[in-house]
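Peer 1: Here is the input, now give the coordinates:
(chains A and B)
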Amino acid sequence: DAKTTQPNSMESNEEEPVHLPCNHSTISGTDYIHWYRQLPSQGPEYVIHGLTSNVNNRMASLAIAEDRKSSTLILHRATLRDAAVYYCILVPNTDKLIFGTGTRLQVFP
Amino acid sequence: NAGVTQTPKFRILKIGQSMTLQCAQDMNHNYMYWYRQDPGMGLKLIYYSVGAGITDKGEVPNGYNVSRSTTEDFPLRLELAAPSQTSVYFCATTLDRAYYEQYFGPGTRLTVT
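Peer 2: Numbering: from 1, shown residues only, chains lettered A, B, ... in the order given. Below is the predicted model:
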């Protein structure tokens, strides 16, 4: 299974943009890039996913490098509620998600 | 719609006891998953099912069993509980294969002493 590399932790101030990086140099052509987040004491929550093009939804934006070896999750204006662990996951055309250890995002008022 | 429900929320087991963690979904999804999450770690896949009557092992299946007799329910059975099974267990479901959005339940916190 292709692996992802994320920083262990990042910090942001409230209402500032946050760019969460993810490296996936062994990505294959059919792997989707998914992002989930997990708030304290809750189950993971889907954030966004993409294949080749940049994607936007109400929660975030996903910027995918042209060679697809890296991607960045963008939270446009961080709030205290965005403090969570963010997981970048490569999803092949199979039946399973493989979670890494993710990036713990702290948001300061 | 309740989405994905899990029971119980918390449980303490003695070593050697058995129990079943319940998971139910009302989304009519074919795919269901069981994960465990140890403190400070990411989720690890225990078992999954692609439809009623079909189950398969994930990364860490030892010490667990599953069954899938209906689309809605996917119980996880722990036989002969061990301290190493102390963890938070999450059930999830998705429409079709892993590249669709997964919906997670609230989790069951299990302690084995």
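Peer 1: residue contacts, whatever residue of chain A ends up closest to chain B?
Peer 2: Ranking the residues of chain A by distance to chain B (Cβ to the nearest Cβ) places A:G43 first, at 3.3 Å. All C-beta atoms are positioned from the backbone trio N, CA, C, and that covers glycine. Applying Cβ atoms under 8 Å, 6 or more residues apart in numbering or on different chains, we find A:G43 in contact with B:F90, B:A92, B:F104, B:G105, B:P106, B:G107.
Peer 1: Can you tell me what sits against the host helix or strand of B:L21?
Peer 2: Per DSSP states H and E, B:L21 falls inside strand B:19-25. Outside of strand B:19-25, the residues within contact range by Cβ under 8 Å, 6+ apart are B:2-8, B:11, B:13, B:32, B:34, B:72-78, B:81, B:89, B:91, B:93, B:103, B:105, B:108, B:110.
Peer 1: what pLDDT, on average, does the helix or strand containing B:R109 get?
Peer 2: For B:R109, the enclosing helix or strand under DSSP H and E is strand B:108-112. Strand B:108-112 shows a mean pLDDT of 97.
Peer 1: could you say what helices and strands that strand packs with?
Peer 2: Under the contact definition 3 or more Cβ pairs under 8 Å, 6 or more residues apart in numbering or on different chains; DSSP states H and E, strand B:108-112 sits against strand B:10-13, strand B:19-25, strand B:87-94.
Peer 1: Tell me which strands the helix or strand that the last one is followed by pairs with, and in which orientation.
Peer 2: Next helix or strand after strand B:87-94 toward the C-terminus (DSSP H and E): strand B:102-104. Its sheet considered, strand B:102-104 pairs with strand B:87-94 (antiparallel) by DSSP bridges.
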